[in-house]
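>>> fold the following, please.
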Amino acid sequence: MKTGLRELSLGEVIDQHLAYRCNVSALQCYTSSETGGPLPASWDADSAPEIVPLWECDLSLLALRDEEFVEIDYEALEDLTVIARSEQGMFAYLFFYLIEDLGGSQCFKQGNQEYDSLLRLNSQLRFEHLEDILNFQRQYGSEINCRDLLLNYTRSIP
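Predicted structure coming up:
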């Protein structure tokens, strides 16, 4: 892997901003059923694509399925969302929401603590599109269809 995805999914990347977005301890998908996690009811357990859980955020699971990164809402298991088709696309998705958690892109100015922290995390994970995602957040962050625009963007990153 080119990025820090492995380290992040194993909980080896320690950053206060990741505590909510990338929770890797006691994943509900491993503890919520007798069979080792939830599968949508329409999936045949024998023919379902393998899902590799990476981390949770509140009531959703971010996972790798085949060669796609997906988000599974525990309250609507059938509504699996493809968020990216590459590690860099998945990191774009993650960084968009990290920036939103920290008050949006307008709060990031060179030299402030949040920006410096984000730069360190960016470097540690080897994310290549931080400026692009900051610009995306500035341009579309308040749009009503922001999530759709974000998914179109993150799915297109090679």
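
>>> what's the neighbour count on F95?
Using other Cβ atoms under 10 Å, F95 has 25 other residues around it. The C-beta positions use only the backbone N, C-alpha and C, and glycine is treated the same way.

>>> residues contacting the residue nearest the centre of the chain?
Of all residues in the chain, the one closest to the mean position by Cα atoms, centre = their mean is L94, 3.9 Å from it. Neighbouring residues of L94 by Cβ atoms under 8 Å, 6 or more residues apart in numbering: 21-22.

>>> okay, buried residues for stretch 107-127 please.
108, 114-115, 118, 121-122, 124-125, 127 (16 or more other Cβ atoms under 10 Å).

>>> now, those that are in helices?
Applying DSSP state H to the buried residues of stretch 107-127, the entries found in helices are 114-115, 118, 121-122, 124-125.

>>> quick one on the thing from earlier: give the buried residues for the helix or strand hosting the residue nearest to the centre of the chain.
Per DSSP states H and E: L94 is located in helix 87-101. Neighbour-count burial for helix 87-101 flags 87-96, 98-99 (criterion: 16+ other Cβ under 10 Å).
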